[in-house]
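S.K.: no FASTA, just this:
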């Protein structure tokens, strides 16, 4: 009997489909994506790859907003997610009605939203950014004299604000994974591993960011493990990223930054419960049944694409 992986490979060929996976999903899905002509990347490159590939059907191993972004950029393609319930706290924290109300109250501000938002929120924005592009985009807008309304991640927004000194009004959303990292516990861990470089995603609280040797996107943190001279790294982001880090730097030691939240049963519980919903089994099921397809209103799609396209043109 064929393994689940082999069955998925057959189904991908049958449906002219490609598997596109985020760094935070199960390692087996990441391996399978790359083995079948897909990609493992951050959310922007997932969407860009989906737009540029020849496949008719895009299978997104990630969360709902990633599927929506792929559909926005490729409305003519069939886009499926592995689990329709896999969402994101940042997306959930920014409902379109409340967000639109705030935008209407500040018509003088350029609306910049993080990629971790719904298609409706993206459609209300002037710009969509990612963690790897936010600094450069906001600096560009500041240099042009613009004031900014930022949503939804308050920690990433605060980090960008401190780095650029831009005039920014911040929505108060947060990532449930990154917000768990604890600065006091990280300080203790640093004393136990003084040789280690600390890598922090900017969705983390400022007190954690302040302890970092490198602050950056998922791709930037992977590059740091690969290219920096240290042999030990303390990593403050979703632990799904360790698969790719081990792949690019197999001889380096990786330590999870501590979360130790109240009631936690582990020192670090840094893994997104929604990313964990992505499995080989529901990948096969999605391909066979064709469920969990992403549909977006045409007008919303066009408006959201304009905001995303600004970023794509800016980051070429």
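M.R.: Perfect, thanks for sending it. Computed from a prediction, not measured in an experiment: that's the story for all the values here.
S.K.: in stretch 13-23, what's buried?
M.R.: Neighbour counts using 16 or more other CB atoms under 10 Å place 15, 17-23 of stretch 13-23 among the buried residues. Where you see a C-beta, it was placed from the backbone N, CA and C, and this is true even at glycine.
S.K.: now, the residues you listed that are in strands?
M.R.: Of these, the ones assigned to strands by DSSP state E are 17-22.
S.K.: quickly list the domain ranges of this structure.
M.R.: 4-86+276-295, 90-175, 178-271 (automatic domain parsing).
S.K.: quick one: terminal-to-terminal distance for the last one?
M.R.: Distances were taken as CA to CA, to the nearest Å; on that basis the terminal residues of domain 178-271 are 9 Å apart.
S.K.: the second one too?
M.R.: With CA to CA as the measure, domain 90-175 spans 6 Å from end to end.
S.K.: one step back: got the buried residues of stretch 13-23 as CSV, with distance to residue 3 columns?
M.R.: As requested, these are exported to CSV (distance: CB to CB, whole Å):
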residue, distance to residue 3
15, 19
17, 18
18, 20
19, 15
20, 21
21, 18
22, 23
23, 24
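S.K.: nearest to residue 299 among those residues?
M.R.: Comparing the buried residues of stretch 13-23 against residue 299 with CB to CB picks out residue 20 as the nearest, at 25.5 Å.
S.K.: confidence score at the closest one?
M.R.: With respect to pLDDT, residue 20 scores 98.
S.K.: cool, residue 189 as well?
M.R.: At residue 189, the predicted lDDT confidence score is 95.
S.K.: am I right that it falls within a strand?
M.R.: No: counting by DSSP: H, G, I helix; E, B strand; the rest coil, residue 189 is not found in a strand; it is helix.
S.K.: re earlier: save the ones in strands among the buried residues of stretch 13-23 as TSV, and put in distance to residue 305 too.
M.R.: Shown next, in TSV, are these (distance: CB to CB, whole Å):
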residue	distance to residue 305
17	22
18	20
19	23
20	18
21	23
22	21
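S.K.: excluding its backbone neighbours, what's nearest residue 312?
M.R.: residue 48 (6.8 Å; CB to CB, 6 or more residues apart in numbering).
S.K.: make sure the one you found is indeed in a helix.
M.R.: Yes: assessed with three-state DSSP, residue 48 lies in a helix.
S.K.: any idea where the strands of the stretch 1-150 of the chain begin and end?
M.R.: Remark: strands assigned in the stretch 1-150 of the chain by DSSP state E, counting those that start in this stretch are 17-22, 39-41, 57-61, 78-81, 109-114, 127-129, 147-151.
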